[in-house]
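Chemist: sequence? don't have it. structure:
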């Protein structure tokens, strides 16, 4: 079965850190474009950070640049999102995803050839 499973969410105070993990099974993560997305209550889903499968380039949303770091461990078939200096506005459900796509997976919502999504993990940042 092809799936992604997120973990690592929780409640943290502003200024704190969390590391999200996303374990893939049924396929090889390194063959896909990968990314982290989030959706806050009442807001549209936002691409937080993505890694291109074509050239390994990394994208960060402006709101998280300098605070979040995306990475992957091919041996563990797992991707990560290290989040530092968290702010209340980072509160959201965070999803990992993998794509077969020639498009920018973080900023283009539709038109990808294949998408695999996790179920999400809640991150709550208290002020």
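Modeler: Everything's here; your move. Owing to the predicted nature of the structure, the values given are computational and were not obtained by experimental measurement.
Chemist: Quick one: residues in contact with the host helix or strand of residue 69.
Modeler: Element membership for residue 69 (DSSP states H and E) is strand 68-73. Strand 68-73 is contacted from outside by 29-30, 34-36, 48-51, 58, 60, 78-84, using CB atoms under 8 Å, 6 or more residues apart in numbering. Placement of C-beta: from N, CA and C, glycine included.
Chemist: Quick check: residue 112 vs residue 25, distance?
Modeler: In this view, residue 112 and residue 25 are 20 Å apart by CB to CB, to the nearest Å.
Chemist: Same check on residue 97?
Modeler: Taking CB to CB as the measure, residue 97 falls 15 Å from residue 25.
Chemist: related to what we said a few turns ago, neighbour count: residue 112 and residue 25, which is higher?
Modeler: The neighbour comparison of residue 112 against residue 25 (other CB atoms under 10 Å) goes to residue 112, with 16 against 11.
Chemist: mind checking how far the more buried one is from residue 33?
Modeler: Using CB to CB, residue 112 is found at 8 Å from residue 33.
Chemist: Likewise for residue 45?
Modeler: Counting by CB to CB - residue 45 and residue 33 are separated by 16 Å.
Chemist: Could you check which of the two is surrounded by more residues?
Modeler: When neighbours are counted by other CB under 10 Å, residue 45 and residue 33 differ, and residue 33 comes out ahead with 22 against 13.
Chemist: So residue 122 belongs to a strand, correct?
Modeler: Yes: per DSSP: H, G, I helix; E, B strand; the rest coil, residue 122 lies within a strand segment.
Chemist: shared neighbours, residue 112 and residue 33?
Modeler: With contacts taken as CB under 8 Å, 6+ apart, the residues that reach both residue 112 and residue 33 are 99, 100, 101, 105.
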